[in-house]
Each structure stands twice: as C-alpha cells, then as structure tokens.
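Engineer: next one to model:
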Amino acid sequence: MEHAYMGIDVGSISTKGVIITKQNQILSSAYIWTEGNPIGAVKKLLKLLQEGFDDKNYKIVAVGTTGSARKLVGTVVGATVVKNEITAHAVGTTTFHPDVRTILEIGGQDSKIIIVENGVAVDYAMNTLCAAGTGAFLSSQSHRLGIPVEDMGEIALKSEHPTQIAARCTVFAESDLVHKIQVGHTKQDIVAGLCAAVVGNYLNNVGKGKKIIGPVVFQGGVSKNVGVVQAFERALDTHVIVDENGHLMGAIGAAILARRNKKRTEFSFDVEDMEFVTREINCGGCPNNCEIICVYRDGDLIDSWGNRCEKGHIVAKKASHLKDVNV
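Structural biologist: Okay, the predicted model is just below:
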C-alpha cells in the first residue's frame, strides 16, 4: 500500500483540503465554505475527501494544516505539521513553479504577496484590514449589480473602456460605483473597473514597496476571475500565471510539508464522528491573565494553548474534562 499525505487549509471564508502522493499527484480534493465554524467545516471536508480517496491502494501517513485556524484544526485531525500560510503557499507554489519570483494571493477576506528568491520566500506582506482588495469586495458588488460573481470575469473581458472606480477603500468604491451606474456607464465597463480597482488596491497596499518581478503566479479564489487576471497583467505589464489548482495551493503546500517531515501518524477518517468542543479559560494566576484555549474531544482535553507561563498550563490541566469547565 502506497503512502499518501493530507493537507488542510482553513481560512475565514473557505476551507480547502487535498490528499497527494509522493509524486505530488492529487488523489482527492475539496473546497467548501468555512461558515464561521472551522471544526464543522473540517468534518464536512474530510467526508468529501474520503469519498474521492482510494483507501485500497493508499494510506494517509501524515497530515499538515495551515490557515487562520491551523492550530485548532491541527489538534482535531492530529496533524504532524502545522505551518503558517506564507510557508505553505510558498512551498506549494515553488514545487510546481520552481522559477516563480512573485506570488500574488487574493482570498475571500484577506490577501498576501510573497517574494521568492532561489525557491525560498524572502519577503512577504499581508492585508487583513481592508476588504477593497479581496474577493468579499467583488462578491458584495456583484450582488449590487445583479451579476453572479462567477460571471464577472468574462463580463469584464468584454469591456473596451473600464470605468475608473475609486479603490482606496470599500466605502468610497461603493459610493463611486453607485454614481457611475447613475450616469450611465455600461455593466461590462463597471465590472472591468471593479476588477481593476481590486488590483489597484492590492498593489497600493499589499504590494506597496515590493519589487514585483516575473515569473508571477496569481492564486487564491479570486485568481479564477479572468477579469482580475487581465487587470494584473495590464498593471504589471507581464504575463501572470494562474495554476489550475491555485485555489488549493495552501493545502497542497501543507501536504508537501507533511510529506517532507519525518513524523508519521495513524490517520483515521473517524474524526468525522467525534464531538469536538472549544472553551476559553481565563487563567488569573498572574498579571498576564492569559486567555487559554482548550480543545475537548468527546469531553476530554486533547490540547490547549495561549498560556505564557507554567501557571496557565496548570489551569488547563485542572480543566481536563469538559464538565470541569464553568460555562
């Protein structure tokens, strides 16, 4: 039976997962919405991954997690590797595009840029404060225009004169959008303008001060929007590569990191049937007053973090059973 490796990327908007072989071939993949419930999302994700997984010929021996909920999800699935998004995306991208120098990534609520030299990430920047350069901005404007967000890219390509839309923040962009609609700009020009606004906001905020050199790889959910891809190519005056699995690259990177690590695990999809609960406990044992996150599986404590001294560890240990926690 051949070895396989799982990677899970849990973000604020979407949760992604892959199972790969030693040769980085994808055996199973899934992409779902997190819906504010990372544990519930991972359970759904595992069910989908299991449906597409060949368990007769492959055995999962290592699991990697990344994303904003990587620690929590790593505890739930018994991850052998827990890594930040920058590392996971860089590893995944450089594996398939070894010559890449700049990685552009735009997700649902945040975005990032990674600068690569000789296959190693040497600089990066993230934006989690303004939605104007993210997928959430495009989604909200698509509702205002009555256009499915997945159709915006193709509509943008039909424009010959993209509308200039203020992109310095979501509020200004929305008010400007309403004005442009009222004065008679066509939908395709407005949509193309929105795509350009996302790119302009991204380059002025996330990419500010960064030397963007090709080859450039664009990934994240927004990379599926061909209008944004075109806007990037116009702004950067270079070809922008979009990997067909770019929306899964964080998960792929996590799986590759799990494969490279020597730790192995007896992974089981039975996690889907287990009950997980998280609780926050205030230590109060010293002036730090740490907020300790405890994770319980079927009522028993399996992990905790957040303590900055030994007293916090003692408090978490005392709450080793969910019934001991005051809620």
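Engineer: buried residues in the helix or strand where residue 234 lies?
Structural biologist: Per DSSP states H and E: residue 234 is located in helix 226-236. Within helix 226-236, the residues scored as buried using 16 or more other CB atoms under 10 Å are 226-232, 235-236. Just so you know, the C-beta spots here come from the backbone N, C-alpha and C atoms, and that holds for glycine as well.
Engineer: give me the contacts around it.
Structural biologist: Here helix 226-236 makes contact (CB atoms under 8 Å, 6 or more residues apart in numbering) with 104, 106, 138, 152-157, 162, 191-192, 195-196, 198-200, 203, 212, 214, 216, 218, 222-223, 239-240, 242.
Engineer: could you rerun that using 6 Å?
Structural biologist: The contact list for helix 226-236 (CB atoms under 6 Å, 6 or more residues apart in numbering) reads 153, 156, 195-196, 198-199, 222, 240, 242.
Engineer: just those residues now: which is nearest residue 69?
Structural biologist: Compare each of those with residue 69 using CB to CB and the shortest gap goes to residue 222, at 20.5 Å.
Engineer: surely the closest one meets residue 106?
Structural biologist: Yes: counting by CB atoms under 6 Å, residue 222 touches residue 106, with 3.9 Å between them.
Engineer: who's more crowded, those two?
Structural biologist: residue 222 (31 against 27; other CB atoms under 10 Å).
Engineer: SS state for the more buried one?
Structural biologist: helix (DSSP: H, G, I helix; E, B strand; the rest coil).
Engineer: how near is it to residue 152?
Structural biologist: 10 Å (CB to CB, to the nearest Å).
Engineer: same question, residue 24
Structural biologist: Residue 24 sits 31 Å away from residue 152, going by CB to CB.
Engineer: what about the two, which has more around it?
Structural biologist: The neighbour count for residue 24 versus residue 152, taken as other CB under 10 Å, is higher for residue 152 (25 against 15).
Engineer: so the more buried one touches residue 192, yeah?
Structural biologist: No: at 9.2 Å, residue 152 and residue 192 do not qualify as touching, with contact defined as CB under 6 Å.
Engineer: how far does the biggest helix by length in the chain sit from the chain's center?
Structural biologist: Longest helix in the chain by number of residues (criterion: DSSP state H): helix 187-205. From the chain centre to the centre of helix 187-205 is a distance of 21 Å (CA atoms, centre = their mean, to the nearest Å).
Engineer: so which bits of that helix are buried?
Structural biologist: 187-203, 205.
Engineer: can you give the contact residues for it?
Structural biologist: The contact list for helix 187-205, computed with CB under 6 Å, 6+ apart, reads 111, 127, 132-133, 141, 152, 155-156, 158-159, 161-163, 165, 167, 173, 180, 227-228, 231-232, 235.
Engineer: now, those residues that are in helices?
Structural biologist: Reading helices off the contacts of helix 187-205 with DSSP H, I get 141, 152, 155-156, 173, 180, 227-228, 231-232, 235.
Engineer: could you export these to JSON lines, including columns for distance to residue 291 and pLDDT?
Structural biologist: Below are the ones in helices among the contacts of helix 187-205 laid out as JSON lines (distance: CB to CB, whole Å; pLDDT from 0 to 100):
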{"residue": "141", "distance to residue 291": "37", "pLDDT": "78"}
{"residue": "152", "distance to residue 291": "40", "pLDDT": "83"}
{"residue": "155", "distance to residue 291": "46", "pLDDT": "85"}
{"residue": "156", "distance to residue 291": "44", "pLDDT": "89"}
{"residue": "173", "distance to residue 291": "36", "pLDDT": "70"}
{"residue": "180", "distance to residue 291": "46", "pLDDT": "79"}
{"residue": "227", "distance to residue 291": "43", "pLDDT": "90"}
{"residue": "228", "distance to residue 291": "38", "pLDDT": "91"}
{"residue": "231", "distance to residue 291": "42", "pLDDT": "92"}
{"residue": "232", "distance to residue 291": "40", "pLDDT": "94"}
{"residue": "235", "distance to residue 291": "42", "pLDDT": "92"}
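Engineer: quick one: the residue nearest to residue 239 when sequence neighbours are not counted from residue 217, how far?
Structural biologist: Closest residue in space to residue 239, ignoring its immediate chain neighbours: residue 233 at 6.5 Å, by CB to CB, 6 or more residues apart in numbering. Distance from residue 233 to residue 217, counting by CB to CB: 13 Å.
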